[in-house]
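Student: The following comprises the amino acid sequence and a computationally predicted model.
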Amino acid sequence: MRKLISALLAMTLLSPAAAHADSPDIRGWTLLSNNDAGNEQTIAAARDYRINHLQLSHDVIHHLRQLKESDDRRQRAVRLTDQAHAAGIEEVAVWDHALYSLTYYPAEFRTGPNGTIDLDNPAFWDWFKADYRAMLDLLPNIDSVILTFIETGARVERQHSTRMKTAEEKLAYLIDQIASVTDERGKLLYLRTFAYFPEEMNNVLRALDLVQNQHVRVMAKAQPHDFFLTHPIDVTVPKIKRPVLIEYDATGEYNGQGKMAGAFVADHADRLRHYRKLPNVIGYVARTDRFQDSHIVGTPTEVNLWALHRAGSLTNSQIYQEFARRRYGPLAAPRVAQALARSQEIVESVLYTLGNNSGDHSRLNYDPYCPGYHRSVSGKWIDPPVTFVRHGVNKKFHYWIDVVNTLAPPHCKLDPILRNETPYVLDRGWVTPGNLMVQSYADDVVTEKDHGVRLAQRSLADVESVRRILKPADYAQLKAYFERTVISARLHRSIAKSYFGYRLYLRTPSAELARTIWAGLDESKLMADAIRTYPTPPGKGEFDWVSDAGRADTYYKRISEGWDVYGNVKVPRP
């Protein structure tokens, strides 16, 4: 019966007209964590959201080979699959990456140059498909496979073939071999279009056009490359000639991961409204945790899931109000909704700097972390690469000429990734060597961080104003949520003030600048201690909020005692 339901569902999902119904056809969530209690709580909540699609990824199953390598992983995946089906979720999908590392494949097939796989050897593909069948047999009740072929061990396009001349041909052939196995097993196959830069995305699209299997679907992120609030809509989605599932990150991988204000209704709902207008879009799927005990169901950040659920019927403001009313009661709802609604502007002022994400997966890490100055720059996907930064700054910036060239540490400008992924910014002289920090940009950075602190304090005040009409547990949860936000905002402000001030001090030292730097360092000490002693730290996940205290200590030491990569220059206390 379940297979019949899945087949009927599949036929419905292929109908472009169905994508324009009040709710998208596929309404999905993704579990990344191996925390059984959190996963079970999330599955239990799925019925209220009419979830009909569940993905198992990352710490559940990231590669199908893990089903063979870890009985714990296999048993967890089996258990979650059965629980999801029992909860009425028709389609359960498991993630995979192909190819795996070269050593996974028998040496008899690694006969190409430099030990690469000979893709022209039919015996390799016979072995490959037999191995894929064996892995799927270990998880027989799943309905779909989600395949990534970019972030893999052995890139198929780098393997040997005289028959297949291009990378796109190799990718397409690999996909067709896997699709032949998923077809045999009566399972759907989704391809993730994840790519790091526009030309790589174009290569993926060309490969998709060469795939012969007509049952293959696509899963694309709501943003090109990755889940940044400042990234635009993915304009490649309409070019895909297959049904497309849009993936969202409701947990905020780069945006606080629910450890601080993380309600991004506009980002989720507005993107969903856009994609639902496209005839090839068949629904959405949203990540619901970021490892360990970071599940957002049951937390204020759950409003992002509610935004996807209700985007077709309510305005963004109404979504905040409805969620707050359902969760915290009608009397407290207006102020709670107001507090949550500031989240995006807070995060864009705190974890972003003049339009660029400066949080290393939400961590405090302005330097030496380089992706915020090359790989994660939103200007890669915007033409012209210009942004208008509000947050008290109210200025237009060119992402490369203004923001990256001024803010980037010198070593990040020499990172090969900048040359490999965006060579034009160097060829055009948009990014030039050296430390180019100037006073006006240091001032703008501090202005922006000040703005984030003020907004965080207002949201905390909103929660305090309705303390008497909130349930004690709800008040405690919201108070901690926004107290952590205030502490994080102040910590980022203090380190930004001292770090970018230090970069300026290296060029134009002065007593006044030293006072600014030390004011930042002194505040960072206070905030680091506040984090370490905070009585209710958030749950563990990829981003451990408490560890930001140690990172702040590192900046204090580097700047006060002399930073080796900057010539061990010390800033004397005035």
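Tutor: Received, thanks. Numbering: from 1, shown residues only.

Student: what pLDDT does the residue lying closest to D249 once chain neighbours are set aside get?
Tutor: Of all residues not flanking D249 in the chain, F227 sits nearest, at 3.8 Å (CB to CB, 6 or more residues apart in numbering). For every residue, glycine as well, the C-beta is placed using N, CA and C. For F227, the model assigns a pLDDT of 97.

Student: Was I right to think F227 contacts G256?
Tutor: No - taking CB atoms under 8 Å as the definition, F227 is not a contact partner of G256, at 11.7 Å.

Student: more crowded one of those two?
Tutor: Taking other CB atoms under 10 Å, F227 and G256 do not tie; G256 has more neighbours (27 against 21).

Student: so who does that one touch?
Tutor: Each residue near G256 by CB atoms under 8 Å, 6 or more residues apart in numbering is listed here: 262, 347, 351, 359, 362, 488, 543.

Student: One more: R390?
Tutor: Taking CB under 8 Å, 6+ apart, one finds E345 in contact with R390.

Student: Repeat that for V403.
Tutor: The contact partners of V403, by CB under 8 Å, 6+ apart, come to 353-356, 377, 379, 387, 397.

Student: what do you get for L340?
Tutor: L340 sits next to 261, 263, 265, 300, 303, 320, 323-324, 459 when contact means CB under 8 Å, 6+ apart.

Student: Nearest spatial neighbour of it, chain-adjacent residues omitted?
Tutor: Excluding the flanking residues, the one nearest L340 by CB to CB, 6+ apart is A263, at 4.0 Å.

Student: Now do the contacts for the one you found.
Tutor: Applying CB under 8 Å, 6+ apart, the residues near A263 are 300-301, 303-304, 320, 340-341, 343-344.

Student: redo that, cut-off 10 Å
Tutor: 252, 300-304, 306-307, 319-320, 323-324, 337, 339-344, 346-347, 459, 481 (CB atoms under 10 Å, 6 or more residues apart in numbering).

Student: In three-state terms, label it for me.
Tutor: What DSSP: H, G, I helix; E, B strand; the rest coil gives for A263 is coil.

Student: on that earlier part again, can you tell me which of the contacts of L340 has the most neighbours?
Tutor: A261 leads these on contacts (other CB under 10 Å) with 33 neighbours.

Student: hang on, the earlier thing: mind listing the shared neighbours of F227 and G256?
Tutor: With CB under 10 Å, 6+ apart as the test, F227 and G256 both reach F264.

Student: hang on, the earlier thing: neighbour count, secondary structure and distance to A528 for the contacts of G256 - can I get that in TSV?
Tutor: Below are the contacts of G256 laid out as TSV (neighbours: other CB atoms under 10 Å; DSSP: H, G, I helix; E, B strand; the rest coil; distance: CB to CB, whole Å):
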residue	neighbour count	secondary structure	distance to A528
G262	27	coil	22
V347	30	helix	20
L351	26	coil	17
G359	28	strand	17
S362	28	coil	17
S488	29	helix	11
F543	27	coil	16
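
Student: can you give me the helices for the stretch 1-150 of the chain?
Tutor: Ranges of helices in the stretch 1-150 of the chain, per DSSP state H, counting those that start in this stretch, are 2-13, 36-45, 66-69, 71-86, 122-137.
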